[in-house]
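# Have a look; sequence and predicted model below, questions after that.
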Amino acid sequence: MCLLANCWANVVIDRSKYRLEENIALTKKVVEYAHSHDIVVEAELGQLGGIEEDVVGVDDVGKHLTDPEQAVEFVKRSGCDSLAVACGTSHGAYKFKSEPKLALDIIERIAKKLPGFPLVMHGSSSVLKEFKDLINKYGGKMPDAMGVPEEAISRAAKMAVCKVNIDTDLRMALTAKIRQVFAEKPAEFDPRKHLDPGREAIKDMVKHKLHVLGCAGKAAECS
């Protein structure tokens with residue numbers, strides 16, 4: 001079953017920009033300290049695309065995918081509890097210039113080499129057209145924003161991916177509704193009236209994503 005965003009107390013360490021040996025060494029230090037305080041650690045191997053990593057474009061993203069062989073070595077030597085893998089996703093709203101295809105074979109290969117080990121996907125927002133159009137309609141400028149197709153996220157969630165990080169879609173839902181209130185009710189000056197529609201949009205987005213991830217109605221399984 002797939003979980004949405006960070007649903008439990010854990011430490012996330014990302015040293016994926018370093019070479020393998022240094023990434024392992026730094027991650028291992030964090031793991032040893034965290035485990036001594038009964039805290040689990042999520043690490044990262046391979047680099048995502050996007051503004052946080054200065055990796056842009058489908059071709060660039062493809063050059064930084066997680067190596068399944070390295071993943072096995074990394075997990076065993078670092079002792080991390082879950083692993084965020086680079087499989088073609090990307091941070092931010094402007095992820096790609098053309099529709100991407102997730103490297104689901106990477107997830108499958110890692111899962112076979114590390115059976116039962118939880119994998120994580122970062123940068124998994126889909127930049128839904130409904131909210132992009134709403135933002136642009138009310139003065140925003142997101143004409144070229146493009147995310148990861150939801151059907152691809154759904155497929156990954158049925159594999160070894162146990163946690164999916166989604167942020168941009170939530171930001172867009174909030175922003176779209178706030179812009180709509182500003183445009184349609186210019187006399188409104190109560191911030192609560194600005195934010196209420198946005199909060200409802202976020203709630204609806206989370207419900208929608210739970211269905212995309214295939215974990216809607218399964219809260220009892222997490223207790």
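It's in. Residues are numbered from 1 along each chain as shown.

# C-alpha only now, for contacts and for neighbours.
Fine.

# which regions of this protein lie under the pLDDT threshold?
Filtered on pLDDT under 70, the chain yields the residue ranges 1-9, 49-63, 94-98, 223.

# what's near enough to touch M159?
With contacts taken as Cα atoms under 8 Å, 6 or more residues apart in numbering, M159 has the following neighbours: I107, E108.

# so how far is G116 from it?
Distance of M159 to G116, given as Cα to Cα, to the nearest Å: 10 Å.

# any residues touching the lengthiest strand in the chain, and which ones?
Once the chain is assigned using DSSP state E, the strand that runs over the most residues is strand 40-45. Strand 40-45 is contacted from outside by 9-16, 27, 30-31, 34-35, 66, 71, 74, 80-86, using Cα under 8 Å, 6+ apart.

# Check which strands are paired with it and give the direction for each one.
The strands beside strand 40-45 in its sheet (DSSP bridges) come out as strand 10-12 (parallel), strand 82-85 (parallel).

# Show me where this structure has its helices.
Secondary structure of the chain, counting by DSSP state H: helices at 20-35, 57-62, 68-78, 104-113, 129-137, 150-157, 168-184, 191-212.

# For the third one, list every residue counted as buried.
Applying a neighbour-count criterion of 16 or more other Cα atoms under 10 Å, one finds P68, A71, F74, V75, S78 buried in helix 68-78.

# picking up where we left off before, out of the contacts of strand 40-45, which are buried?
Burial of the contacts of strand 40-45 was assessed by neighbour count (16+ other Cα under 10 Å); the buried members are 11-16, 27, 30-31, 34, 66, 71, 74, 80-86.

# follow-up on the earlier one: highest mean neighbour count out of the helices of the chain?
helix 168-184 (a mean of 20; mean count of other Cα atoms under 10 Å).

# Relative to V41, how far out is V11?
According to Cα to Cα, V11 stands 5 Å off from V41.

# what do these two both touch?
When contacts are counted by Cα under 8 Å, 6+ apart, the set common to V11 and V41 consists of A34.

# Okay, T168 and L114: tell me how far apart.
In this structure, T168 lies at 30 Å from L114, with Cα to Cα as the measure.
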